[in-house]
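J.: Give me a 3D structure for the following:
(one chain, ligands or ions: 2)
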Amino acid sequence: MVQTDENPFEGKDPIFKAKQPLKKDSFDPDTIFHRDEEINHYVNSLQDVVVGHDPNNVFVYGPTGVGKTAVTKWVRDKLLEKASEQDVPLKIVGPVNCRNYKSSYRLVSRLVNEFREPGDKLPKSGYSTDTVFEFLYEEIESVGGNVLIILDEIDNIPPDARNDFLYDLPRAEASENAAIDQARIGLIGISNDLKFVDSLEPKVKSTLGEREIKFGPYDANELRDILGYYADLSFHNDVLSTEVVPLAAAFTAQERGDVRQGLKILEKAGEYARMDGSTVVTEDYTRRATESIETDEILDCFKNDLTRQQALTYIATTLAIIEPEHDARTKRIYSLYSSIAEAADSKVRSERKIYEFLDQLSMQGFVRSEDRNLGRGGGRRFVYQVTDDPVDIINAVVKSDYSGALPNNVWNILKHHKEDESTSFEAPDPDDKKQQQIWQFT
Ligand SMILES: Nc1ncnc2c1ncn2[C@@H]1O[C@H](COP(=O)(O)OP(=O)(O)OP(=O)(O)O)[C@@H](O)[C@H]1O
Ligand SMILES: [Mg+2]
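T.: Numbering: from 1, shown residues only. Ligands and ions are numbered 1, 2, ... in the order given. Sure, this is the predicted structure:
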């Protein structure tokens, strides 16, 4: 019962001084830690620009959350500062995140608009892609000096834009078709997908990869410094117990050395403390945060990376793995998928489609297939595994829009699976239709 004159909201936050520094990439740090060498490479690659020579193309790569974008922005600002001091004409566009542009037209018009005044922006459609490219070249030419274009998450560049951007643009000044005479274009491409580079045609690869800068994962000591910096900005004084940052750093270093994950742990630990009405973020809250982080990451994938049909296929694969004495073979995955899709009021697609979805899931790293040898006379069998812990996946499904797709008895069977199958359970007979229905869908 609550009284109408009660207000459950707190007027003050006892834990967080500011949350923004912990939030996804909306904050630019004023200190960059442990990237001196990479910054040096960058400076060497772009030094020519400051004195008015032609720019190099630069390709920056490395795993997620290791400072590629942050360092690039920092270098960009220093470069602009120096060029302005020297009175060298220079325009830098970006980083523009390719993930946000689904077609070549959208991406090019975004770039054109970077040069244009508010009243003069291009509409969302209405011109041909060739025409907007011409506009872009006109704008670039009007700078009358070096133009650097920074394309972030360049592996997401719309397929119809690949050649135009990665090959033609950096060579526009040499081309007869492009109206580039005075300007010099440098392209900076950033990616966390190494397969992307391999997939490029050799001519494109050699253009883009003129200078390459590799970013590796951070180790625990480096993460301590970086997370400590963000912790100071985000938490009130004396709120964090001394173990919190080292613990978050150690956990993150073991995973993949990704700062973003460490920041999430700090935020989550603070939120747990706040929910409990505690004024101290303890080691315990931090541990809890590290435990829930995997589920949260999978939940993010359900929200952002998977289509509905891919998600249902992924859930079916997970169920096929946790059910007792079963291998996740395509036939079994398909049968579970059908029940799940029905329970979720979704269209049930054909078995052939499921093969496609499994391939896509495999390419995105959610599942992997194994060719299992069944021993003498047994032949071979193709089974699927999920790359995350099934417990984390099911926990994420429960929090997602797909919770209605789960069978009612999922926890019993998951418990059996977790206990290493030591609890008694009647294994279904693959030939018996009735026994196959171990899952209860309502
Ligand atoms: N060396 C560092 N010093 C200070 N902050 C850092 C450092 N490295 C990363 N960060 C911060 O960590 C977060 C993630 O870094 P960033 O966005 O640069 O990663 P990324 O390598 O571009 O990842 P992705 O490939 O996913 O885009 C950002 O908030 C960034 O400011
Ligand atoms: Mg980035």
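J.: from here on, contacts and neighbour counts on C-alpha atoms
T.: OK.
J.: And stretch 27-38, what's buried?
T.: Within stretch 27-38, the residues that qualify as buried are 29, 35, 38, counting by 16 or more other C-alpha atoms under 10 Å.
J.: how far does that stretch sit from the chain's center?
T.: Centroid displacement of stretch 27-38 relative to its chain, using C-alpha atoms, centre = their mean, to the nearest Å, is 20 Å.
J.: neighbouring contacts of it?
T.: 20-21, 70-71, 213-215, 222, 225-226 (C-alpha atoms under 8 Å, 6 or more residues apart in numbering).
J.: Could I get the average pLDDT for that stretch?
T.: Confidence over stretch 27-38 (mean pLDDT, whole number) is 93.
J.: Next, the distance between the ends of it.
T.: End-to-end distance of stretch 27-38 (C-alpha to C-alpha, to the nearest Å): 21 Å.
J.: Just to check, residue 344 is in contact with residue 407?
T.: No - between residue 344 and residue 407 there is no contact under C-alpha atoms under 8 Å: 10.4 Å.
J.: Check the contact lists of the two and give me the overlap.
T.: With contacts defined as C-alpha under 8 Å, 6+ apart, no residue is shared by residue 344 and residue 407.
J.: just curious, which of the buried residues of stretch 27-38 is nearest to residue 57?
T.: For the buried residues of stretch 27-38, the minimum distance to residue 57 (C-alpha to C-alpha) is 15.6 Å, reached by residue 38.
J.: Just confirm that closest one is within a strand.
T.: No - counting by DSSP: H, G, I helix; E, B strand; the rest coil, residue 38 is not part of a strand but helix.
J.: Roughly how far does it sit from ligand 1?
T.: According to C-alpha to the nearest ligand atom, to the nearest Å, residue 38 stands 10 Å off from ligand 1.
J.: now the residue nearest the centre of the chain, nearest residue through space, not along the chain?
T.: Centrality entry for the chain: nearest residue to the mean C-alpha point is residue 64, 6.8 Å, by C-alpha atoms, centre = their mean. Distances taken as C-alpha to C-alpha, 6 or more residues apart in numbering place residue 192 nearest to residue 64, at 5.8 Å, with adjacent residues excluded.
J.: Report how many residues lie close to the one you found.
T.: Counted with other C-alpha atoms under 10 Å, residues neighbouring residue 192 total 19.
J.: can you give me phi and psi for it?
T.: Backbone torsions of residue 192, given as degrees, to the nearest 10, read phi -110, psi 10.
J.: mind checking pLDDT for it?
T.: Looking at residue 192, its pLDDT reads 89.
J.: Could you single out the nearest of the buried residues of stretch 27-38 to residue 293?
T.: Nearest to residue 293 among these, with distances taken as C-alpha to C-alpha, is residue 29, at 23.4 Å.
J.: Show only the entries of the contacts of stretch 27-38 found in strands.
T.: Judged by DSSP state E, strands contain the following of those: 213-214.
J.: Next one: the residue nearest to the centre of the chain from ligand 1, what distance?
T.: 4 Å.
J.: Looks to me like that residue is in a strand.
T.: No - read with three-state DSSP, residue 64 is coil and lies in no strand.
J.: For it, give me the pLDDT.
T.: Listed pLDDT for residue 64 reads 90.
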